[in-house]
Structures are given as C-alpha cells and as structure tokens.
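[1] quick one: sequence plus predicted model below, questions after.
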Amino acid sequence: QVHLVESGGGLVQAGSSLNVSCAFSGGTFTSYALGWFRRAPGKEREWVASINWRGSTTYYADSVKGRFTISRDMAKFTMNLQMNSLKPEDTAVYYCAAGALQVGSNWPSSDEYDYWGQGTQVTVSS
C-alpha cells in the first residue's frame with residue numbers, strides 16, 4: 001500500500017519562498033506519477049502541478065506557472081514543490097498524490113490519482 005507523507009509547510013510572508021516535500025513508501029516509486037493539489041479555506045480542491053514517473057515531464061496550473069517548481073528525487077523517493085514569490089492566495093492545505101498516469105492522462109483531475117497524503121498547511125501573510 002502506497003503511503004504519502006507531506007512536510008515543510010508553514011507561515012511565511014508574501015513574496016517569500018517555501019519548499020514542501022512528499023515522502024513516498026510502500027510501492028515502486030517509478031510506477032507512479034506524482035502531483036500536488038491544494039485546498040484553500042471555503043474552496044474546492046485545486047490541482048497545482050504534476051510530474052511523470054521518471055521526472056522528465058512536468059505540468060503546472062496557470063496560477064503557479066513560473067513561480068512553482070515540481071521535482072522528484074529518485075534516490076530518496078521524495079517529491080518536492082519549490083514555491084517562490086508566494087502570494088496570500090497560495091494559502092491552502094497542500095496534498096501530494098500518486099497515480100499511474102501516462103501520456104494522454106488528465107493530469108489535473110483528482111480522479112486520476114489513487115493515493116493521497118494527509119496534507120501540510122501553507123499560510124502566506126500579506
């Protein structure tokens with residue numbers, strides 16, 4: 001059973017940077033594409049970014065493109081989301097997810113992901 005654990009959330013000021021991580025265990029790391037989603041207070045869950053199984057292709061929501069960078073470490077079985085130029089509207093609980101996505105999959109759809117972490121809170125103050 002795949003297990004995902006997020007870490008690295010916190011409280012930061014607008015314009016600053018933060019890195020959140022996701023530790024993967026319980027399965028074959030390279031069998032899964034990985035993604036980040038977030039849920040802001042009073043809003044629905046929103047897709048943020050995804051990365052394919054070998055880390056060669058990345059996808060981003062327009063709201064974070066150019067500010068966030070997703071990556072995966074094949075040696076440490078982790079995924080990272082480097083968030084720069086943070087805005088108050090980035091405040092949310094950030095969730096990592098894993099699924100057997102391939103070329104042609106609907107990467108922003110939460111239905112494509114089979115496993116989810118418990119989330120880490122990111123708060124950006126103005």
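    Received, thanks. Numbering: from 1, shown residues only.

[2] ok, now which ones touch the spatially most central residue of the chain?
    Centroid-nearest residue in the chain: Trp36, 2.1 Å away (criterion: C-alpha atoms, centre = their mean). For Trp36, the contact set (C-beta atoms under 8 Å, 6 or more residues apart in numbering) comprises 20, 22, 47-50, 70, 79, 81, 94-97. Every residue, glycine included, has its C-beta placed from N, CA and C.

[3] what about it, distance to Ser126?
    Plainly put, Trp36 is 23 Å away from Ser126 if you go by C-beta to C-beta, to the nearest Å.

[4] now do Ser110
    29 Å.

[5] so between the two, which is more surrounded?
    The neighbour comparison of Ser110 against Ser126 (other C-beta atoms under 10 Å) goes to Ser110, with 16 against 9.

[6] wait, isn't the more buried one in contact with Trp47?
    Yes. Applying C-beta atoms under 8 Å as the test, Ser110 and Trp47 come out as touching, 7.2 Å apart.

[7] quickly list what's touching both of these two.
    Here Ser110 and Trp47 share the contacting residues Phe37, scored by C-beta under 8 Å, 6+ apart.

[8] just give the nearest non-adjacent residue to Tyr60, would you?
    Leaving aside its chain neighbours, Tyr60 sits nearest to Ala49 (4.8 Å; criterion: C-beta to C-beta, 6 or more residues apart in numbering).
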